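Q: Sequence and predicted structure, then a few things I'm wondering about:
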Amino acid sequence: MQRRRRAPENRRDRQGHPRRVEQAPLDHADGRELVLDRRRQEQDVAQEEGDRDLAVRPAVALDATDGTLARAARVKELIPSFDGNALDALVDYFNYVIVPALLLFRANLLPPDDALWLTMLPLLASAYGFCQKSAKTEDNFFLGFPSYWNIVVFYLYLLKTPLWLNAFLVMGLSALVFVPMKYIYPSRSPRLRLQTNILGVLWAVCVLYTIYRLPDAPRALVFASLIFPAYYIALSLWLEFLRLTESSRG
């Protein structure tokens, strides 16, 4: 016996307008579960951001105070056999490179497919830079990019820059470690030392206050604090240009 096909349901009313298809109401228990899941996700994100902030605070604060504290404690005078330079190199590599690289990876500041090998670039390049005998020249300059990864990642994290831009910046700065260009040692700059130190103190105050306000740091203050890094780069380039000009004349 041949079955008759069921006529399609008429989805229009008598006036020819399409009928509204009503959906079954969402179960109250399911709705409550969705709300709880969303709250859990928000709490997880907030906790992760809090962990990142905790990584930023000590890294930048330690960088700003380690040398001053060592001199205040007169370690070199009290323990002459203690090699403060070796300890300083270890602390600097941990603070300037390892902690920022970890934050760079954990904070998802790089393209996901390339995050691992991009994170390795600062670690390897800076390991080479720290092991160079000429990393600090006799005339008080850094030779090659001085591995300020803590400052770089600090601004990438705050400014939420595009991931592709972060990737190119990491590659470029890692390459500059191998380029024998001189960068100023701020507290020992041969030119404009007083101005450099004053700007450096103001910048440190801005950075510490920004860290204190995390995760709600004022963006205007963040952008204003970029004046000193821009000044540092400009002064280093200018002094390098003068050095190359004088050497070519000689």
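A: Good, I have the coordinates.

Q: need the strands for this protein, in chain order.
A: For the chain, the strands defined by DSSP state E occupy 141-143, 182-184.

Q: So, low pLDDT: which residues of the chain?
A: 1-76, 79-85, 250 (pLDDT under 70).

Q: need the helices for it, in chain order.
A: Here the chain has its helices, by DSSP state H, at 28-72, 75-78, 84-93, 99-106, 115-130, 149-159, 163-176, 193-213, 219-225, 227-249.

Q: Could you find the closest non-adjacent residue to Ile151?
A: Pro229 (6.7 Å; CB to CB, 6 or more residues apart in numbering). (Each C-beta comes from the backbone N, C-alpha and C, glycine too.)

Q: Can you tell me how far the one you found is from Ser187?
A: 16 Å (CB to CB, to the nearest Å).

Q: which one of those two has more residues nearby?
A: Between Pro229 and Ser187, counted using other CB atoms under 10 Å, the more crowded position is Pro229 (14 against 11).

Q: That one and Asp139, how far apart?
A: 22 Å.

Q: just to revisit the earlier point, so which of the strands of the chain comes closest to Thr161?
A: strand 182-184 (22.2 Å; CB to CB).

Q: Partner strands of that closest one, with direction?
A: strand 141-143 (antiparallel) (DSSP bridges).

Q: Identify the residues contacting the partner strand?
A: Applying CB atoms under 8 Å, 6 or more residues apart in numbering, the contact partners of strand 141-143 are 132, 134-137, 180-185.

Q: Would you mind listing the two of these that lie farthest apart?
A: Gln132 and Ile184 (17.5 Å).

Q: Tell me which of these two has more neighbours.
A: Counted by other CB under 10 Å, Gln132 and Ile184 do not tie: Ile184 has more neighbours, with 23 against 13.

Q: Name the nearest residue to that one, ignoring sequence neighbours.
A: Closest to Ile184 by CB to CB, 6+ apart is Ser236, at 5.2 Å.

Q: And the one you found, how far from Ala175?
A: In terms of CB to CB, Ser236 sits 16 Å off from Ala175.

Q: Between the two, which has more neighbouring residues?
A: Ser236 (19 against 13).

Q: tell me the contacts of the more buried one?
A: 181-184.

Q: Could you point out which of the contacts of strand 141-143 is nearest to Tyr93?
A: Ala135 (11.3 Å).
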